[in-house]
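# here's my sequence, what's the structure:
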Amino acid sequence: MDEIKLAKRAIHGNVHAYGELMERYKELLYRTAFAHVKQEALALDLVSETVVRGYEHVGKLREPKYFKTWLIRILLNTIADDYRKNKRVVSMETADMEWAAEAITQKDGSHANPESAVEEKLDLLAALEKLPEKQKSVIVLKYYDDLKISEIASVLELPEGTVKAYLHKAKETLRGLLKEDYIYG
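This next block holds a predicted model:
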């Protein structure tokens with residue numbers, strides 16, 4: 001069944017339809033949460049909270065075709081609420097170890113040298129942490145979650161031109177940071 005039909009059913013209170021939608025988007029939600037908080041357990045907690053909040057408010061969703069962007073917006077709000085509530089500071093050591101472990105266990109074959117893949121991911125992670133929050137969110141939504149510019153604009157409630165500007169500036173900053181790491185690192 002397509003997403004719009006499932007979303008319509010979920011809006012009208014069908015628990016099974018909502019569950020099917022959550023099954024489809026659980027990886028997307030986790031990737032987004034992990035990219036922001038860098039801790040597996042916390043990312044899973046935030047996803048769980050998002051699922052609950054979504055279920056509580058799904059009846060208020062007006063346009064079923066925007067279910068995915070609506071859900072991601074709930075996740076980003078949940079992440080922001082958690083930061084405000086707990087004033088979390090992510091330890092880069094912990095984040096680096098979790099990211100490295102994830103990279104090593106992935107057998108995607110894109111790198112002949114697993115240590116090289118880990119090093120690249122750690123460099124990218126460190127560079128992402130240096131970006132302003134809105135630029136980081138745009139990068140995560142675009143490249144980790146594979147959302148279109150229009151979807152990102154909807155999630156972040158920004159004009160598409162602003163999203164494009166954030167994306168351009170973030171990529172420019174990342175290029176500089178990553179080049180700097182290789183020159184001086």
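# which residues does the residue nearest to His36 when sequence neighbours are not counted contact?
Leaving out its chain neighbours, the residue that sits closest to His36 by CB to CB, 6 or more residues apart in numbering is Ile79, at 5.1 Å. Just so you know, the C-beta spots here come from the backbone N, C-alpha and C atoms, and that holds for glycine as well. Counting by CB atoms under 8 Å, 6 or more residues apart in numbering, Ile79 touches Ala33, His36, Val37, Leu46.
# the protein - how does it break down into domains?
1-90, 130-185 (automatic domain parsing).
# by mean pLDDT, show me the worst of those domains.
Among these, domain 130-185 carries the lowest mean pLDDT, at a mean of 85.
# do you know how far Leu156 is from Glu120?
27 Å (CB to CB, to the nearest Å).
# who's more crowded, the two?
Leu156 (19 against 14; other CB atoms under 10 Å).
# so the more buried one sits against Gln135, correct?
No. Contact criterion CB atoms under 8 Å: Leu156 and Gln135 do not qualify, at 11.0 Å.
# in helices only, show me the contacts of Ile79.
Ala33, His36, Val37, Leu46 (DSSP state H).
# any chance of these in TSV, plus distance to Ala165 and neighbour count?
TSV is the format used below for the ones in helices among the contacts of Ile79 (distance: CB to CB, whole Å; neighbours: other CB atoms under 10 Å):
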residue	distance to Ala165	neighbour count
Ala33	25	27
His36	21	24
Val37	26	19
Leu46	28	24
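# now for the residues you listed: which two are most distant?
When CB to CB is used, the two most widely separated members of these are His36 and Leu46, lying 8.2 Å apart.
# may I see the buried residues of stretch 124-143?
124-128, 131, 135-142 (16 or more other CB atoms under 10 Å).
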